[in-house]
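Novice: what's the 3D shape of this:
(one chain, ligands or ions: 3)
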Amino acid sequence: MAHQDNPRQQPDLVPAVVVSHLRSEVEVATLSRDGAPSQRLRCFQRSRSIEVVTGDRVLIERDPEHPERGVIDEVQPRRSLLARRNRSGVVQTICANLDLLLITIAPDPEPHADLIDRYLVAAELDGLHAAIVLNKCDLPARNQPSIDSLIQLYEGLGVPVYCTSAVAGIGLDTLRDAIGDRTAALVGQSGVGKSSLLNALLPEAAAEVGSLTGKRSRGHGRGRHTTSTVRLYPLAGGVIIDSPGIRELTPEVSDPTQLMSGFPEIASAARHCRFRNCRHDREPDCGVSEALAHGRIDARRWRSYRMLEGELSAGRG
Ligand SMILES: Nc1nc2c(ncn2[C@@H]2O[C@H](COP(=O)(O)OP(=O)(O)OP(=O)(O)O)[C@@H](O)[C@H]2O)c(=O)[nH]1
Ligand SMILES: [Mg+2]
Ligand SMILES: [Zn+2]
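Specialist: Ligands and ions are numbered 1, 2, ... in the order given. I've put the predicted structure just below:
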């Protein structure tokens with residue numbers, strides 16, 4: 001028998017968190033009293049006009065006939081988000097409500113330092129904490145000098161660095177402590193071991209990990225992408241998010257004058273420029289040129305900044 005809707009009757013709305021979102025399918029976990037994700041439900045969205053991403057806090061209405069299904073009624077305001085611009089300039093939100101970006105690198109595949117810079121810009125502009133996780137520290141130190149200088153550079157900029165091995169179980173307790181009760185996202189190139197770290201921290205996650213044979217057949221450092229969706233897992237008191245590896249990142253910078261705040265050493269040198277509108281090119285008394293000449297700004301970081309600046313202005317036409 002069809003029942004009539006009573007507009008005054010409020011449905012029972014249950015708070016939940018989005019665990020993953022793939023096409024029209026949204027998996028959520030209801031939140032227990034202490035805020036920990038608990039029961040899993042498959043949901044659809046009542047309105048397609050609202051975009052939901054992993055980490056979103058939502059209110060859902062359970063399907064009375066199918067307790068494992070529900071409808072997303074409302075998306076709550078985000079306290080933070082990680083976004084990028086795709087090649088066509090469209091802003092894509094990767095995940096919401098995170099606190100800590102774990103920029104994962106490894107000796108193999110070799111790190112793209114510019115990608116680290118771009119994640120740091122995203123973290124700075126989105127108000128997130130950031131740390132570097134140097135995984136696979138069990139591997140023989142083939143390109144160790146360049147890894148060492150990279151680590152030294154970022155530590156010098158105040159970015160915490162954690163050395164781990166998902167395979168040998170090194171540095172996992174320290175990483176777990178660093179996450180604490182926060183929501184942390186593992187991000188970085190494909191094949192650095194993000195899903196392996198997740199599994200090492202949380203064996204029941206049983207996330208798919210890239211196979212060595214697949215890697216070998218494609219040659220050194222070119223692991224195919226194994227993880228295909230952004231997915232959230234409760235971890236002790238906190239939450240950990242695994243994400244697909246990416247090759248490049250254009251962070252969403254809504255105000256280009258803010259870009260420099262993602263490069264604090266450049267920003268502090270620029271305060272010494274004689275001219276307020278200094279382009280740091282050939283102007284006299286330029287604090288940035290001077291800092292570059294004296295090695296207080298790393299030349300690669302400066303190129304990385306300039307390239308991003310160029311991309312952002314080109315993107316805005
Ligand atoms: N030696 C060593 N190998 C590791 C370590 N962690 C991961 N690996 C290997 O690196 C490969 C890639 O691992 P994944 O965990 O799938 O990497 P991922 O970053 O999740 O990759 P995507 O999902 O494609 O982004 C696998 O063959 C892992 O066994 C580690 O600590 N040491
Ligand atoms: Mg993965
Ligand atoms: Zn200048």
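
Novice: Now do the strands in the stretch 201-317 of the chain.
Specialist: 231-235, 238-242, 250-251 (DSSP state E, counting those that start in this stretch).

Novice: just those: most buried one?
Specialist: Per residue and on average, the most neighbours among these fall to strand 238-242, with a mean of 25 (mean count of other CB atoms under 10 Å). Every residue, glycine included, has its C-beta placed from N, CA and C.

Novice: that older thread, which of the strands of the stretch 201-317 of the chain sits closest to ligand 2?
Specialist: Evaluated with CB to the ion, the strands of the stretch 201-317 of the chain place strand 238-242 nearest to ligand 2, the distance being 5.9 Å.

Novice: Next, the angle from the closest one to strand 231-235.
Specialist: Strand 238-242 and strand 231-235 are oriented at 150 degrees to each other (axes from the mean of the first three to the mean of the last three CA atoms, to 10 degrees).

Novice: For ligand 2, what's its nearest residue on the stretch 1-150 of the chain.
Specialist: Closest point on the stretch 1-150 of the chain to ligand 2, by CB to the ion, is Thr104, at 9.7 Å.

Novice: State whether that residue is indeed within a strand.
Specialist: Yes. Per DSSP: H, G, I helix; E, B strand; the rest coil, Thr104 lies within a strand segment.

Novice: How about it, nearest residue that isn't a chain neighbour?
Specialist: Nearest residue to Thr104 in three dimensions, chain neighbours excluded: Gly188, at 3.9 Å (CB to CB, 6 or more residues apart in numbering).

Novice: Any idea how many residues pack against that neighbour?
Specialist: Neighbour count for Gly188, taken as other CB atoms under 10 Å: 27.

Novice: what's near enough to touch it?
Specialist: Residues near Gly188 by CB atoms under 8 Å, 6 or more residues apart in numbering: Ile103, Thr104, Ile105, Leu115, Tyr119, Lys194, Gly245, Ile246.

Novice: How about the first one: which residues does it bridge to?
Specialist: The reference is to Ile103. Ile132, Val187 (DSSP bridges).

Novice: coming back round to it: give me the pLDDT for the residue nearest to Thr104.
Specialist: In this model, Gly188 is scored at 97, pLDDT.

Novice: got the residues of this protein near ligand 2?
Specialist: Lys194, Ser195, Thr226, Thr227 (CB under 5 Å from the ion).

Novice: among these, which two are most distant?
Specialist: Lys194 and Thr226 (9.2 Å; CB to CB).

Novice: Any idea how many residues pack against the residue lying closest to Pro160 once chain neighbours are set aside?
Specialist: Using CB to CB, 6+ apart and skipping residues adjacent in sequence, the residue nearest Pro160 is Ala131, 4.3 Å away. Ala131 has 19 neighbours, counted by other CB under 10 Å.

Novice: ok, Ala131 to ligand 1 distance?
Specialist: 16 Å (CB to the nearest ligand atom, to the nearest Å).

Novice: What distance do you get for that residue to Leu102?
Specialist: Distance of Ala131 to Leu102, given as CB to CB, to the nearest Å: 6 Å.

Novice: List the residues that contact the closest residue to Pro256 other than its chain neighbours.
Specialist: Nearest non-adjacent residue to Pro256, counting by CB to CB, 6+ apart: Leu312, 5.1 Å away. By CB under 8 Å, 6+ apart, Leu312 lies in contact with Thr250, Val253, Pro256, Leu259.

Novice: Of the residues you listed, which one scores lowest on pLDDT?
Specialist: Scoring the contacts of Leu312 by pLDDT puts Pro256 last, at 81.
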